[in-house]
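Visitor: Quick one: sequence plus predicted model below, questions after.
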Amino acid sequence: MADKQFEPLIIGFTCNWCSYRAADLAGMSRVKYPPNVRLMRLMCSGRLDPEFVLKALRGGADGVLITGCHPGECHYLEQNYKALRRFLLLRRTLKQFGVEPQRVRLIWASAAEGARLAQEINKMVEEIRALGPLTWRDVISANGDRPLEALPAEEVTA
Amino acid sequence: MSEERIGVYVCHCGSNIASVVDVEDVAVWAKDNLADQGVVVARDYKFMCSSLGQELIQDDIKEQGLDRVVVAACSPHLHERTFRNACDRAGLNPFLCEMVSVREQVSWVHTDKELATQKAKAMIAGGVERVVYHEPLEPLRVPINEATLVVGAGIAGIQAALEIADSGFPVYLVEREPSIGGHMAQFDKTFPTLDCSACILTPKMVDAGQHPNITLLSWSEVERVDGYVGNFTVTIRKKARYVNEDVCTGCGICIEKCPVNVLDTNFEAGLGYRKAVYRPFPQAVPKYPVIDTENCTYFKRGKCKACQIFCPTQPNSIDFEQQDQLLQVPVGNIILATGYDLFDARRIPQYGYGRLANVYTSLEFERLCNAAGPTNGDVVLRDGVTKPEAVGIIHCVGSRDRNYNNYCSVICCMQSLKFAHLVKERTGAEVYNFYIDMRTAYKDYDEFYQKVLEEGTHFVRGRVAEVTDAARQPGEDGKIIVQVEDTFIGKQRRIPVDMVILSSALEPRADSDEVAHKFGIACSANGWFIEKHPKLDPVATMTEGIYIAGCAQGPKDIPSTVAQGAAAAARVLGRIQQKELALEPIRASVIAERCSGCRICNNMCPFNAILFHEDRMVTEINPALCQGCGTCVAACPSGAITGTQFSNEQVLAQIEGLLMFGVNGNLANELVPA
């Protein structure tokens, strides 16, 4: 791996109603973005359990992209706001663990914003490429197998 | 080691996927490397969605005893149902099928074949890991509301509304302008048959206005859309007309008495005047006028009220206190037929529009030669009296031009030929058509072109460089000169004319993005609404229950627009006839034994689906109210809430699969130091 350029691996969580469709649209419009990001579908950004992000970072991802409907446009009325709160808290927690805040990013992308989604992905890949690999997991892995899943849930629901 | 028997199917999609992803390699890899996860069959096939492709899966399910299927092809929003149905036919619960989008998310967006192939493998690994945790489910059935919302009442919307209403189902027809009719109401003649536009359109407008199944909401706009296919709730703003529709008889005395003349930049394209209380045109449907508050003397200065004073109805129809009304209507399906805007010819300054008086846009010319227009159909210059002796018609203004719009606006060639014919017929002037290519496809169109050629119209092939009034040669004084390279003779020509008509491009509505947003559909890079499939599903969209028709989907002529309106109606009628709709059975439920009664989830649900049993101190979720967003699942600190199709196990397993490789193909164990 040492002789290759560092290629960050990013896991992206998308909302079934907006950002997943934005990814569809990016495809249909043949907008290009780097293959460093692998997207998966949730029904809503509100489904995003912070554990998913931790699992991704621990499993080898160098960054996590969380996407959802624009504020006020959630398919489920207001659940993206809950995603936003969880995200802010999670990012703070991660910062305390030594994870750069740029590695976990939340963006809003409507079903019409394929090009914007691709642009955000491009930007994120560039930034994380500059940051380098996530070394934080070395430290954590040395401390035991699953130390992070005990993130206190009551804080999250604030 | 999984006990499941999983089949993996990798689609070539012709060359759509196979040209970037090495599909054969991916299939072989899946069989060899995902055996531990339960993969027993992995195949690639040219078109998995074809009947042969589906049979391949069905046969494997039966012969190889598969109990899980992963299809790596296009987006699940396109073909998930296709493959679920295939599983169903082979006796496998359709929800044991998972799709991996290697077309929209890999081959169409990446160029490096090696990296794309690696990514496809990782995504398939994610799908395989995930599908292990899928459970057999039954779809939820909900009734479909029989009413339909049609947005935009041009010819596309009118056609769609009439088709549905004639079949006996209710329609809400919403139009932003005071009258229905759209652009077609502004035209004089229609190509290639030259029937009078009003003669064929106004009967349909009247039908739509009087139909017992159509609720006509003109001077109204959709504010917001909630819900989903079968059960939308649409909020419509019915703008204040300041005229009481319940009493107004449409006699028009208020219009006659109004002392304010306003330049009508909308319907008359700036060539004529209307009053401050007005109907866009005499045959307007509905017949009720609207008060334009920006120009009405009463609204500006608090005085006048001429309209009210002269209104003969009892009680008086003029109501200066009227307010906007917000209506909420429940509908099952929505058709968007919002039409187009005309390209603003001022954006090409060298063509002189807005600077040279006798340069007209196509819409202005339509009004000019319309018998009901400002000149009663006389084709005259801006001075109002002089008949032109020579007229230049420029094609492709703002279209087929990379500075403005790359696309062809479809109708301009035929429209320009129609103008050429009308100018000749009305004035006997010499007519010059400046074109790049002549596009006269479709029935009777080329015959019309031949006819116009025989009439003696001059055709000059070349893009016009400039339209100017700077005379340089004898005979150019007082004329406007069209400077063009005639590519057939390879020479620059200057052609002096009296009038120039710009066949301007059709453009998406200025607010098309906003509208798309509101209805949850997408616009192409050009701004036209995107259909579900460009060939095979031209009026549906990726959002279930939302259909598109007419120029909102792309430039088109009247016959195609009408055909699309009717097609969208047919699709809606098909849905209504199904009576009920199978919904994704994605619902959350509480495992009562694990619930600690903390009530953290209780505030999470905007649908009030979560109830708390005080007696047992546990929470329960009402599946009839649950919409399946999963927010409560993520919130539960005890892991007591689980959501079908998106359980923690499924999501975590998929993450694990996605991380099987690094971007360059290095294995995950290289990525994560032990």
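Guide: Yep, that arrived. Numbering: from 1, shown residues only, chains lettered A, B, ... in the order given.
Visitor: What residues does the stretch 551-674 of chain B have near chain A?
Guide: B:586, B:598, B:600, B:604, B:606-607, B:627-631, B:633-637, B:643, B:645-646, B:648, B:651-652, B:654-656, B:658-659, B:662-664, B:666, B:668, B:670-674 (Cβ under 8 Å from any Cβ of the partner chain). Placement of C-beta: from N, CA and C, glycine included.
Visitor: Can I get the buried part of the residues you listed as one PyMOL selection?
Guide: Buried residues among these (16 or more other Cβ atoms under 10 Å in any protein chain shown), as a PyMOL selection:
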select buried, chain B and resi 586+598+600+604+606+627+628+629+630+631+633+634+635+636+637+643+645+646+648+651+652+654+655+656+658+659+662+663+664+666+668+671+672
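Visitor: Can you tell me which of the residues of the stretch 551-674 of chain B next to chain A end up in strands?
Guide: Mapping those onto strands (DSSP state E) picks out B:Gly643.
Visitor: In chain A, mark out all the strands, start to finish.
Guide: For chain A, the strands defined by DSSP E cover A:10-15, A:37-42, A:63-68, A:104-108.
Visitor: and B:Asp383, how many residues sit next to it?
Guide: Residues near B:Asp383, counting by other Cβ atoms under 10 Å in any protein chain shown, number 8.
Visitor: in the chain, what spans have low per-residue confidence?
Guide: Going with chain A. A:1-4, A:136-158 (pLDDT under 70).
Visitor: oops, I was thinking of chain B
Guide: Chain B contains residues with pLDDT under 70 at B:1-2, B:665-674.
Visitor: One more pass at 50, please.
Guide: Low-confidence segments of chain B, defined by pLDDT under 50: B:668-674.
Visitor: Return the set of residues that bridge with the residue nearest the centre of it.
Guide: The structure's chain B has its C-alpha centroid closest to B:Phe529; by Cα atoms, centre = their mean the separation is 3.2 Å. Residues in a beta bridge with B:Phe529, per DSSP bridges, are B:Cys523.
Visitor: hmm, back to that, just the strands of chain A: most buried one?
Guide: Mean neighbours per residue, mean count of other Cβ atoms under 10 Å in any protein chain shown, is largest over the strands of chain A for strand A:63-68, with a mean of 28.
Visitor: what's across from the spatially most central residue of chain A in the sheet?
Guide: For chain A, the residue sitting closest to the mean C-alpha position, by Cα atoms, centre = their mean, is A:Leu65 at 2.2 Å. On the basis of DSSP bridges, A:Leu65 is bridged to A:Gly12, A:Arg105.
Visitor: do you know how far it is from A:Leu106?
Guide: Distance from A:Leu65 to A:Leu106, counting by Cβ to Cβ, to the nearest Å: 8 Å.
Visitor: Likewise for B:Cys523?
Guide: From B:Cys523 to A:Leu106 the distance is 24 Å (Cβ to Cβ).
Visitor: swap in B:Cys254?
Guide: 55 Å.
Visitor: Repeat that for B:Tyr442.
Guide: Applying Cβ to Cβ, the value for B:Tyr442 to A:Leu106 is 49 Å.
Visitor: do B:Gly398 as well
Guide: Taking Cβ to Cβ, one finds B:Gly398 at 39 Å from A:Leu106.
Visitor: Over to B:Gly270?
Guide: 47 Å.
Visitor: what about the residue in the stretch 351-500 of chain B that chain A sits nearest to, neighbour count?
Guide: Nearest to chain A in the stretch 351-500 of chain B, going by Cβ to the nearest Cβ, is B:Asn406, at a distance of 13.4 Å. Burial of B:Asn406 is recorded as 11 neighbouring residues (other Cβ under 10 Å).
Visitor: Isn't it up against B:Gly398?
Guide: No: at 10.8 Å, B:Asn406 does not count as touching B:Gly398 under the criterion of Cβ atoms under 8 Å.
Visitor: CA-only coordinates of stretch B:447-454 in CSV, if you can.
Guide: C-alpha atoms of stretch B:447-454 as CSV (Å, rounded to 0.1, in the frame of the first residue of the first chain):
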residue,chain,number,x,y,z
GLU,B,447,-45.1,18.2,-47.1
PHE,B,448,-45.7,21.6,-45.5
TYR,B,449,-42.1,22.5,-46.0
GLN,B,450,-42.4,21.6,-49.7
LYS,B,451,-45.5,23.8,-49.9
VAL,B,452,-43.7,26.7,-48.4
LEU,B,453,-40.8,26.2,-50.8
GLU,B,454,-43.2,26.3,-53.7
